[in-house]
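A.B. asks: Got a predicted model here, sequence first, then my questions.
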2 protein chains.
Amino acid sequence: MAAVDLTTHPGHLARRLQQAHYLLWNTMVSEEITSPQFAVMNALVAEPGLDQRTVGERVGLDRSTIAEVISRLSRRGLIDKVRDPQDGRRSLLRLTDEGARVHRKLSVRTARMNRIFLAPLSADEQAVFFDLIQRVSDAAEGLRNPTEPPTEPLTEPPTEPLTKA
Amino acid sequence: MAAVDLTTHPGHLARRLQQAHYLLWNTMVSEEITSPQFAVMNALVAEPGLDQRTVGERVGLDRSTIAEVISRLSRRGLIDKVRDPQDGRRSLLRLTDEGARVHRKLSVRTARMNRIFLAPLSADEQAVFFDLIQRVSDAAEGLRNPTEPPTEPLTEPPTEPLTKA
DNA sequence: CGAAAATACTCAGCGCACTGAGCATTTTTT
DNA sequence: AAAAAATGCTCAGTGCGCTGAGTATTTTCG
């Protein structure tokens, strides 16, 4: 008998929160377009012509997942995908007219859903909610992405200044 | 140009939080046993002999998902699964000795991981963090599970008492 | 220039998560 | 007791999410 209390486990809470959101999204926003798909479309509204990897970075999806999400959006005719003539490795992405239309429609519904989802919290609590989750996520991301904070700046050791010159 | 700010979208934040947790779990707890698998084992430590559906209910996994998770735990020899002789529909579950051993080991590591994961928050903030997420999740779950709260209390309408008699 | 390294993407494999449909076994009704 | 409903589980299908390996294209460097 040494069972643990999962209500103090952030991972478990995060999963439950996401599940709850998933269900609400399905009933209030769309059964066709998922939340990650919407996030990708949204990134392309903000910055049309991004390549696949960068979009993934913007919305927090790894290379494999973003590829699949994009393939679905593309199959539905919501985004265009073309090889970059300047760099044959890249795929450049942008919304189609239909994609832009769908994005507008879903934006409205998403806002409505978020209001309902967050209704149990006061405005102040909502702000705290965002802040806390974000801080935890950012910190954890930092743990994985050493970011190589210049252990010894690539520029150079304190021998001589060169940005100066 | 009507892109939305995803940092105020709880669904997006929940996904990011879970991803961050997933990565940390993998490096600090186990590469074999996942967080949902641990949750299932934990439920069986608390209540040995539960049937599959109830375990799913305890940890928040639907019938299909719980079936897969259990099949993996079973394949690894961490849980036992037997048909209920009283009710041929049910599968009764309990940890094997090895399962109990693994659960103990992971409990320690999980506690350590949670400390690090939550380190960016003060003790007070951690309490708020749990509370807010839980309230939002519970409320959203309530939206889907009508629970049939006695539209008109089953006890009785104000016309005449009948439990009386 | 040509080999080596970096970069963008694809592919296969595993695992979580949900729905809808189907099967077997109770339980309830008639 | 037979028909109907409920219950527990399985199966097929879709989608997110990660890793490791592989391919093609650029960039860098000797």
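C.D. replies: Ah, there it is. Residues are numbered from 1 along each chain as shown, chains lettered A, B, ... in the order given.

A.B. asks: which residues in chain A form strands?
C.D. replies: Using DSSP state E, the strands of chain A run over A:79-83, A:91-95.

A.B. asks: any idea which of the ones you listed is most buried?
C.D. replies: Mean neighbour counts were compared across these using mean count of other Cβ atoms under 10 Å in any protein chain shown; the top stretch is strand A:91-95, at a mean of 19. Heads up, the C-betas are built off the backbone N, CA and C, glycines and all.

A.B. asks: how about it against chain B, any contact?
C.D. replies: No. Using Cβ under 8 Å from any Cβ of the partner chain, strand A:91-95 stays clear of chain B, with a minimum separation of 10.8 Å.

A.B. asks: Now do the residue minimising distance to the centre of chain A against A:Phe117, distance only.
C.D. replies: By Cα atoms, centre = their mean, the mean C-alpha position of chain A lies nearest to A:Val59, the distance being 2.2 Å. Separation of A:Val59 from A:Phe117 (Cβ to Cβ, to the nearest Å) stands at 19 Å.

A.B. asks: For whichever residue of chain A sits closest to DNA strand D, list the residues it contacts.
C.D. replies: Of all residues in chain A, A:Gly88 sits closest to DNA strand D, at 2.6 Å by Cβ to the nearest atom of the strand. By Cβ atoms under 8 Å, 6 or more residues apart in numbering or on different chains, A:Gly88 lies in contact with nothing.

A.B. asks: can I assume the residue nearest to the centre of chain A is in contact with B:Leu6?
C.D. replies: Yes. Between A:Val59 and B:Leu6 there is a contact under Cβ atoms under 8 Å: 7.3 Å.

A.B. asks: Contact residues of chain A facing DNA strand D?
C.D. replies: Applying Cβ under 7 Å from any atom of the strand, we find that chain A lies next to DNA strand D at A:34, A:36-37, A:60-65, A:68-69, A:72, A:86-89.

A.B. asks: Go through the residues you listed and flag which are in helices.
C.D. replies: Among the residues of chain A next to DNA strand D, the residues falling in helices (DSSP state H) are A:Pro36, A:Gln37, A:Arg63, A:Ser64, A:Thr65, A:Glu68, A:Val69, A:Arg72.
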